[in-house]
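> with the sequence up front, the predicted model follows.
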Amino acid sequence: MTSSNVPVIAIDGPTASGKGTVAQRVSERLGFHYLDSGALYRLTALSALRHGTPLHDEHALAKLAAGLNCSFVSDSIYLAHEDVADAIRAEEVGNAASRIATLPQVRHSLVGLQLGFCKGPGLVADGRDMGTVIFPNAVLKVFLTASPEARAERRYKQLIGKGFSATIRDLLKDLQERDARDANRSVSPLKPAEGAHILDTSDMTVDQAVSQVLAWYAEIRKRT
Ligand code: DC
């Protein structure tokens, strides 16, 4: 979807795989822009929940997505003038995001916004379809994953740290349902892009994962 010469690193993977943290750190190390595409689905979901828009009303949801008034400023994510960076991480919002992300018109409404992040000197984009659909010309594609148990535990720590209550058992169930929905939907299903490097971080620290992605990128830069 983009023909620009801006280098893009696409990092896709399932929920709570750690791709957000890894992608953000890689972008900082390279001085690149960062796109958290999941946040756009979460912002649309939060907006829908607040407006009482039914989660099956594709047309109304696509309109909400197209009209999203959001901005990303360091760790803050603004919806209009309100910082909703924590609110969009709630499980209810994540589940709603996963449901509305199955709707083609909603996905279509968010394409332009995502492409807008692709600016020099480069972009690190994380999501489900960065390497397959949004940035198929990405110079590096990574599919970052981890076992469901490792992901449930990470998600648990993240939520507790933000003051939400949670149990590992419920999180594991939620995460498996969300994986199935993300992988089995007909539009832009979650799957490794062709030529993607698979990175299983179950037994890796964030620093190790970041180093691996940077090493792959350095290798590519050497060749081009
Ligand atoms: O990465 P995340 O958990 O913040 O994403 C929230 C939901 O958004 C996820 O369940 C699937 C959807 N999503 C998507 O369909 N495509 C993307 N590029 C990013 C997220």
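Looks like it came in fine.
> please, which helix or strand holds residue 44?
For residue 44, the host element (DSSP states H and E) is helix 37-51.
> err, residue 153, not the other one
Under the criterion of DSSP H and E, residue 153 resides in helix 148-161.
> residue 180 too?
helix 168-184.
> ranges for the helices of this structure?
19-30, 37-51, 58-66, 91-100, 104-109, 111-115, 148-161, 168-184, 206-223 (DSSP state H).
> could you redo those helices as a markdown table and give each row mean neighbour count, distance to the ligand and mean pLDDT?
Any C-beta I mention is one placed from the backbone N, CA and C, and that applies to glycine too. Below are these laid out as a markdown table (neighbours: other C-beta atoms under 10 Å; distance: least, C-beta to the nearest ligand atom, whole Å; pLDDT from 0 to 100):
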| stretch | mean neighbour count | distance to the ligand | mean pLDDT |
| --- | --- | --- | --- |
| helix 19-30 | 20 | 7 | 96 |
| helix 37-51 | 22 | 2 | 97 |
| helix 58-66 | 18 | 12 | 98 |
| helix 91-100 | 20 | 3 | 92 |
| helix 104-109 | 18 | 7 | 97 |
| helix 111-115 | 15 | 8 | 97 |
| helix 148-161 | 17 | 9 | 91 |
| helix 168-184 | 16 | 5 | 90 |
| helix 206-223 | 14 | 16 | 96 |
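> do you know which of the ones you listed lies nearest residue 142?
helix 206-223 (5.8 Å; C-beta to C-beta).
> that closest one packs against which elements?
Here helix 206-223 is seen to pack against strand 8-12, helix 19-30, strand 140-145, strand 197-200 when contacts are counted using 3 or more C-beta pairs under 8 Å, 6 or more residues apart in numbering; DSSP states H and E.
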